[in-house]
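Trainee: Test case, fold it:
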Amino acid sequence: MAIAAAHNTGRNTGHRAEQLAAGMPTLLVAAERVAATIVQGVHGRRRVGSGETFWQYRRYQSGDSAGSIDWRQSGKSQKTFVRENEWEAAQSVWLWRDGSPSMGYQSNAAMEGKQDRANVLLLALASLLLRGGEHVGLYGRDGTATGGRATLNRLGAHLTSLAPGQNNAADLPEPGRLPRFAQLVMFGDFLSPLEQIEKVVKRFADQGARGHLVQILDPAEEDLPFQGRTEFEGLEGEGRLTIGRVESLRDDYMRRMVDRRAGLLEIARESGWGFTPHRTDRPPQAALLALYNALSGMLDHPSGL
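Mentor: Reported below is the predicted structural model:
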């Protein structure tokens, strides 16, 4: 099913590298703004544990050991307080974004393109994870996952350095080794054959990695809104196709898209992964919140228990 080739001609399908690089500060600001709207609605990622970094004081409870009592803090009042430290075993979360030419498609210049939206979601998620003390890396680019603000700046610089199709010609990542208990989040349109997607996900899952698929589509790719004689041009070498009455194919096309989404969901479920569909004509906040909440559950229980 060559739905990846369903693109209307006459539309600019890419951006020059220098334009993207110049837009990096704007991209980071947009990602941070999206992340900031989510911060208020989620609980912090910090957890109690045996680390050395102070987190909070709390009232002594039955069952707490005498050794956990902070006598200096308790001496300031008539109440007994326990000192809690943060759980410092940060998880590594690896992020990957499809950089193939199909991600450059944009049916309406007033809307954000697929790759631009993927960049915003990826960086906003990275911002949330880094704020929570997790280590983040760009899969296929970074050797290790790191924390701190510098990580977010580095991710943004790389994502905006090249146009669609230049920084990652493949529309699926090459399954390499990931650290134990690592999480992998993949952002793309996932218009490749389902059997290829299933093979990639299964190879990651077989090594113990858990993850999430975020499918990002332009609304025209789901709804096929065109009328009359329409010429389609594939962005990845599929050639051109002219259809006399494109609206006559709409119902069948939309059924196929529904089947594809169901197939992606099944692939994710079979491997214990998550799946989030998203359209560029909808706000990114809802997708980010669903993704962050799903990923937080995996980080809290890295073994899958």
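Trainee: which residues of the stretch 151-300 of the chain fall in strands?
Mentor: 183-188, 210-217, 230-233, 240-243, 274-279 (DSSP state E, counting those that start in this stretch).
Trainee: mean confidence for the third one?
Mentor: Along strand 230-233, the predicted local confidence has a mean pLDDT of 82.
Trainee: ok, and for it, which residues are buried?
Mentor: Within strand 230-233, the residues that count as buried by 16 or more other CB atoms under 10 Å are 230, 232-233. For every residue, glycine as well, the C-beta is placed using N, CA and C.
Trainee: and which of the residues you listed is nearest to residue 108?
Mentor: In terms of CB to CB, no member of the buried residues of strand 230-233 lies closer to residue 108 than residue 230, at 15.6 Å.
Trainee: Quick one: neighbours of residue 295, just the number.
Mentor: Using other CB atoms under 10 Å, residue 295 has 23 other residues around it.
Trainee: what number of residues lie near residue 103?
Mentor: 30.
Trainee: now swap in the one 4 residues further on and tell me
Mentor: Taking other CB under 10 Å as the neighbour definition, residue 107 ends up with a count of 20.
Trainee: ok, back up a step: redo the strands of the stretch 151-300 of the chain as JSON lines? Include distance to residue 32.
Mentor: Below are those laid out as JSON lines (distance: least, CB to CB, whole Å):
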{"stretch": "strand 183-188", "distance to residue 32": "18"}
{"stretch": "strand 210-217", "distance to residue 32": "19"}
{"stretch": "strand 230-233", "distance to residue 32": "36"}
{"stretch": "strand 240-243", "distance to residue 32": "41"}
{"stretch": "strand 274-279", "distance to residue 32": "19"}
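Trainee: Point out the most buried one among the ones you listed.
Mentor: strand 183-188 (a mean of 26; mean count of other CB atoms under 10 Å).
Trainee: Next, the angle strand 210-217 makes with the lengthiest helix in the chain.
Mentor: Criterion DSSP state H: the longest helix present in the chain is helix 250-270. Following axes from the mean of the first three to the mean of the last three CA atoms, to 10 degrees, one obtains 170 degrees for the angle between helix 250-270 and strand 210-217.
Trainee: to the chain's geometric centre, what's the distance from helix 250-270?
Mentor: 20 Å (CA atoms, centre = their mean, to the nearest Å).
Trainee: same check, this time on stretch 271-279
Mentor: 10 Å.
Trainee: May I have the secondary structure class of residue 126?
Mentor: Classification of residue 126 using DSSP: H, G, I helix; E, B strand; the rest coil returns helix.
Trainee: For it, which residues are in contact?
Mentor: 31, 95, 136, 151-152, 155 (CB atoms under 8 Å, 6 or more residues apart in numbering).
Trainee: returning to that earlier point: nearest to residue 259 among the buried residues of strand 230-233?
Mentor: Out of the buried residues of strand 230-233, the member with the shortest distance to residue 259 (by CB to CB) is residue 232, at 20.1 Å.
Trainee: Can you tell me, leaving aside adjacent residues, what's nearest to that closest one?
Mentor: residue 241 (4.8 Å; CB to CB, 6 or more residues apart in numbering).
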